[in-house]
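Colleague: predicted model, plus sequence, below.
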Amino acid sequence: MKKTIILCTGNFILFLLFGLAFLYPVQQVQQLHPGISAGVGPMPILLLVYLIVFPVVYHLLAKKYHWGKHSGTELSALDEREQQVVAQATKAAYQVLIGGILAVIAALGGLRFFALFTDMQLDLYRWAVALLCALLAVATVVYAAVWCKAYLK
């Protein structure tokens, strides 16, 4: 159970950092005479650091708790009961993702439609990245919650 919680927490943080890195990739953009100059913002650097640090931390925890190679991901199962737990959690996360994707598409369409009748300039790229990364984070939380509930039965 610790492994699944750690992996789901790691994925949750990854999705948030990924979204922030794509929402705020550059710190400062200047238009110079021959071209454009831009500095990398802190979010992509933070994402890169996380992509290096989390696997190391996970590896150390795997050694401490003696997680074997056969239990590599949160989707792995050692017996029939764990297969049912993973199936329930995966089904719940799938349902959240399908419903969420439909809601995101509807929200983006609604924003685009709203922008046609107003003078507002909406940045659909930023909205799409934010909504999709939030959806992935929510699906991860749902997976972890259903997995823990089913595992503790």
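Modeller: Good, I have the coordinates. Computed from a predicted structure; not experimentally measured. Residues are numbered from 1 along each chain as shown.

Colleague: show me the contact partners of stretch 123-137.
Modeller: Contacts with stretch 123-137, where a contact means Cβ atoms under 8 Å, 6 or more residues apart in numbering, come from 12, 15-16, 18-19, 22-23, 96-97, 100-101, 104, 107-108, 111-112. The way it works is simple: take the backbone N, C-alpha and C, and place the C-beta from them, glycine included.

Colleague: revised request: answer the last question for stretch 98-116.
Modeller: 120, 121, 122, 124, 127, 128, 131, 132, 135, 138, 139.

Colleague: of those, which is the most crowded?
Modeller: In terms of neighbours by other Cβ atoms under 10 Å, the contacts of stretch 98-116 top out with residue 139 at 23 neighbours.

Colleague: distance of that residue from residue 116?
Modeller: From residue 139 across to residue 116, the span is 31 Å (Cβ to Cβ, to the nearest Å).

Colleague: same thing with residue 81?
Modeller: Plainly put, residue 81 is 53 Å away from residue 116 if you go by Cβ to Cβ.

Colleague: the more surrounded of those two?
Modeller: Remark: of residue 81 and residue 116, residue 81 carries more neighbours, 12 against 6, as counted by other Cβ under 10 Å.

Colleague: helix, strand, or coil at the more buried one?
Modeller: Using DSSP: H, G, I helix; E, B strand; the rest coil, the three-state assignment for residue 81 comes out as helix.
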